[in-house]
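S.K.: Below are the sequence and a predicted model for it; my questions follow.
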Amino acid sequence: MLCGGTSKAQPATAQTQRIADQVKAQIEAKENKTYPVFQAVEFKSQVVAGTNYFIKVHVGDEAFVHLRVFESLPHENKPPSLTSYQVDKAKGDQLTYF
């Protein structure tokens with residue numbers, strides 16, 4: 001990994017799913033819809049003053065969304081926040097910096 005760059009894409013973990021679950025309500029509010037499925041499948045991370053996570057999430061049928069979630073440093077005691085997202089993604093779409 002390059003300093004300041006993102007990691008390689010890797011399969012989602014239980015921690016990735018936990019982070020995605022914590023911002024699910026935020027994207028549902030922004031998109032004004034409810035996702036019946038919300039399964040993290042892949043992620044990249046970027047260490048900054050905290051960590052940015054780029055997460056590919058399956059949201060039902062053949063639909064996917066890409067999330068950028070910021071997790072602050074532990075001493076700040078803040079929940080993860082959705083900082084950006086992309087909708088209308090497909091399973092084969094690569095996670096990129098956005």
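M.R.: Arrived safely.

S.K.: For the rest of this, base every contact and every neighbour count on C-alpha atoms.
M.R.: Fine.

S.K.: Tell me where the model's unsure across the chain.
M.R.: Scanning the chain for pLDDT under 70 picks out the ranges 1-4.

S.K.: Surely residue 19 is in contact with residue 70?
M.R.: No - counting by CA atoms under 8 Å, residue 19 stays clear of residue 70, with 9.4 Å between them.

S.K.: Please identify every residue contacting each of these two.
M.R.: The contact sets of residue 19 and residue 70 overlap at residue 80 (CA atoms under 8 Å, 6 or more residues apart in numbering).

S.K.: Look at residue 84 and say how many residues are nearby.
M.R.: The tally of other residues near residue 84 (other CA atoms under 10 Å) stands at 13.

S.K.: tell me which element it falls in.
M.R.: Element membership for residue 84 (DSSP states H and E) is strand 81-89.

S.K.: For that strand, buried residues please.
M.R.: Neighbour-count burial for strand 81-89, counted by 16 or more other CA atoms under 10 Å, picks out 81, 82, 85, 89.

S.K.: between those residues, which is nearest residue 61?
M.R.: Residue 61 has its nearest neighbour among the buried residues of strand 81-89 in residue 89, at 11.7 Å by CA to CA.

S.K.: Which residue of the protein lies farthest from its centroid?
M.R.: For the chain, the largest distance from the centre (CA atoms, centre = their mean) belongs to residue 75, which lies 21.7 Å off.

S.K.: that's a strand at it, yeah?
M.R.: No - looking at residue 75 with DSSP: H, G, I helix; E, B strand; the rest coil, it is helix, so not inside a strand.

S.K.: For the residue positioned nearest the centre of the chain, which non-adjacent residue is spatially closest?
M.R.: Closest to where the C-alpha atoms of the chain average out (CA atoms, centre = their mean) is residue 55, at 3.0 Å. With CA to CA, 6 or more residues apart in numbering as the criterion, residue 55 has its nearest non-adjacent residue at 4.4 Å, and that residue is residue 43.

S.K.: wait, is the one you found part of a helix?
M.R.: No - assignment of residue 43 by three-state DSSP gives strand, placing it outside any helix.
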